[in-house]
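1. Following is a predicted model, sequence given first.
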Amino acid sequence: MKILMVCLGNICRSPLAEGIMKTKVPGNVFVDSAGTVSMHEGKHPDNRAVKTAANHGIDISKQKSRPITKADFDTFDKIYCMDIDVYADVVSKTRNEEQRQKVSLFLEVLGDHKNTEVPDPYWGDMNDFEEVFQLIDRGCEAIKNQLSSVINPIKN
């Protein structure tokens with residue numbers, strides 16, 4: 001199983017989602033993150049995201065921003081987008097229905113948050129980053145539970 005988390009610049013939300021998800025799934029599940037724009041390519045996550053993750057025992061400091069690529073649609077089984085604009089941008093890059101089916105809005109996994117977005121904390125403060133962390137953590141937990149039959153199939 002390969003999971004890709006996507007936000008705009010790949011410096012706040014998707015690095016947090018990558019780091020959180022990696023703590024929830026076994027090592028044979030590959031988790032990565034990307035952005036829809038390349039303006040931060042090669043840069044580490046926002047310091048506030050790094051600090052927020054570290055406050056929860058997660059190290060995202062070595063991650064580097066990268067834009068989503070055409071190859072990602074072949075490589076990844078699931079692609080989770082942090083907001084509606086990112087979702088629309090990612091879907092517009094797909095080449096066929098099979099690829100489109102891999103893409104979903106991150107919070108759709110939470111039944112009570114259908115079609116809502118993970119707010120971008122970039123223009124906020126540490127409290128905003130903490131709130132986003134908590135929201136992403138709940139989403140990652142739900143994704144883990146949803147994928148548990150794929151990640152840990154029941155053996156007869």
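-> Yep, that arrived. In this text, all values refer to a predicted model and were calculated from it rather than measured experimentally.
2. Helix or strand with the lowest mean pLDDT in the protein?
-> Sorting the helices and strands of the chain by mean pLDDT, DSSP states H and E puts helix 126-151 at the bottom, at a mean of 92.
3. Who are the packing partners of it?
-> On a contact count with 3 or more Cβ pairs under 8 Å, 6 or more residues apart in numbering; DSSP states H and E, helix 126-151 meets helix 13-24, helix 47-55, strand 78-81. Where C-beta positions appear, they are placed from N, C-alpha and C, glycine not excepted.
4. between that helix and helix 13-24, how big is the angle?
-> Orientation of helix 126-151 against helix 13-24 (axes from the mean of the first three to the mean of the last three Cα atoms, to 10 degrees) gives an angle of 50 degrees.
5. burial measure for the closest residue to Asn55 other than its chain neighbours, as a count.
-> Take Asn55 and drop its neighbours on the chain: the residue closest to it by Cβ to Cβ, 6 or more residues apart in numbering is Glu130, 7.8 Å away. Applying other Cβ atoms under 10 Å, we find 17 other residues in the vicinity of Glu130.
6. follow-up on the earlier one: export the helices and strands packed on helix 126-151 as TSV, with columns for distance to Ala142, mean pLDDT and mean neighbour count.
-> Shown next, in TSV, are the helices and strands packed on helix 126-151 (distance: least, Cβ to Cβ, whole Å; pLDDT from 0 to 100; neighbours: other Cβ atoms under 10 Å):
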stretch	distance to Ala142	mean pLDDT	mean neighbour count
helix 13-24	10	98	25
helix 47-55	19	98	18
strand 78-81	11	98	26
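7. Reformat those as JSON lines; add distance to Thr116.
-> Output for the helices and strands packed on helix 126-151, formatted as JSON lines (distance: least, Cβ to Cβ, whole Å):
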{"stretch": "helix 13-24", "distance to Thr116": "13"}
{"stretch": "helix 47-55", "distance to Thr116": "20"}
{"stretch": "strand 78-81", "distance to Thr116": "12"}
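8. Between those, which one is closest to Met126.
-> Met126 lies closest, by Cβ to Cβ, to one member of the helices and strands packed on helix 126-151: helix 47-55, at 6.0 Å.
9. now that closest one against helix 126-151, angle please.
-> Using the same axes, to 10 degrees: helix 47-55 against helix 126-151 is 60 degrees.
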